[in-house]
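> here are the coordinates; sequence isn't available:
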C-alpha cells in the first residue's frame with residue numbers, strides 16, 4: 001500500500017525537511033510513504049487543479065480541513081489497519097494557506113482535522129507524517145507509542 005501526502009507549500013524550513021525525511025525512512029516497505037509537494041497558488045481552485053492531477057484513479061482520498069472529523073492517534077491506527085483491507089492507495093491532502101477548495105472536500109472519502117489549533121503548514125505536514133508513523137508502530141506493537 002502506498003501512502004501519499006499531497007502538501008501544498010514549498011520551501012519548508014530545513015528542520016521540517018530533516019524531521020519529515022526521518023519519519024519517511026522509518027516506514028516499512030508495506031507502507032510506502034511519499035510526500036508530493038505542490039507550489040501554492042493564490043486561489044484554492046488553481047491549487048485544486050494541481051491536487052487532482054496528482055491523485056490517481058481509485059485512490060482513497062483523505063482531506064485535512066479545520067472542519068473535518070477530529071481523530072485520535074488510536075483511531076488513525078485502526079483506520080490504517082482498515083486501509084490494508086481496502087486494497088487501495090491512500091492520498092492525504094494538506095491544503096495551502098487558504099485551505100482546500102470545495103471541490104477537493106467534495107471528492108474526499110474522508111475529511112479529518114489534525115488539531116483544533118491553527119497550525120502553520122510546516123507543522124501540519126510534520127504532524128501528519130509523524131502520526132502515520134506512530135499509527136504504524138501501534139499496529140506492530142512497537143514501543144514508540146506509549147499510552
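Arrived safely. Note that the coordinates shown come from a computational prediction; the quantities given were computed from them, not determined experimentally.
> which residues are contacting the helix or strand harbouring residue 46?
Element membership for residue 46, per DSSP states H and E: helix 44-54. Contacts with helix 44-54, where a contact means C-beta atoms under 8 Å, 6 or more residues apart in numbering, come from 4, 6, 8, 36, 38-41, 91, 93, 95-96, 98-101, 103-104, 107. To be clear about C-beta, it is placed using only N, CA and C from the backbone, and glycine gets the same treatment.
> most centrally placed residue in the protein?
In the chain, the centroid-proximal residue (C-alpha atoms, centre = their mean) is residue 92; its distance is 3.7 Å.
> hmm, back to that, in helices only, show me the contacts of helix 44-54.
Counting by DSSP state H, the contacts of helix 44-54 place 103-104, 107 in helices.
> ok, and the most crowded of these?
The most crowded member of these is residue 104, carrying 24 neighbours; neighbours defined as other C-beta atoms under 10 Å.
> please enumerate the strands of this protein.
Secondary structure of the chain (DSSP state E): strands located at 2-8, 32-38, 60-70, 90-94, 110-113.
> parallel or antiparallel, list what pairs with the second one.
Yep, that's strand 32-38 we're talking about. Strand 32-38 pairs in its sheet with strand 2-8 (parallel), by DSSP bridges.
> likewise for the fourth one?
Looking at strand 90-94 with DSSP bridges, its paired strands and their directions are strand 2-8 (parallel), strand 60-70 (parallel).
> now tabulate the strands of the chain in a markdown table and tack on distance to residue 49 and mean pLDDT.
Formatted as a markdown table, these follow (distance: least, C-beta to C-beta, whole Å; pLDDT from 0 to 100):
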| stretch | distance to residue 49 | mean pLDDT |
| --- | --- | --- |
| strand 2-8 | 11 | 97 |
| strand 32-38 | 10 | 96 |
| strand 60-70 | 15 | 96 |
| strand 90-94 | 13 | 98 |
| strand 110-113 | 19 | 97 |
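> since that was my last question, I'll sign off now.
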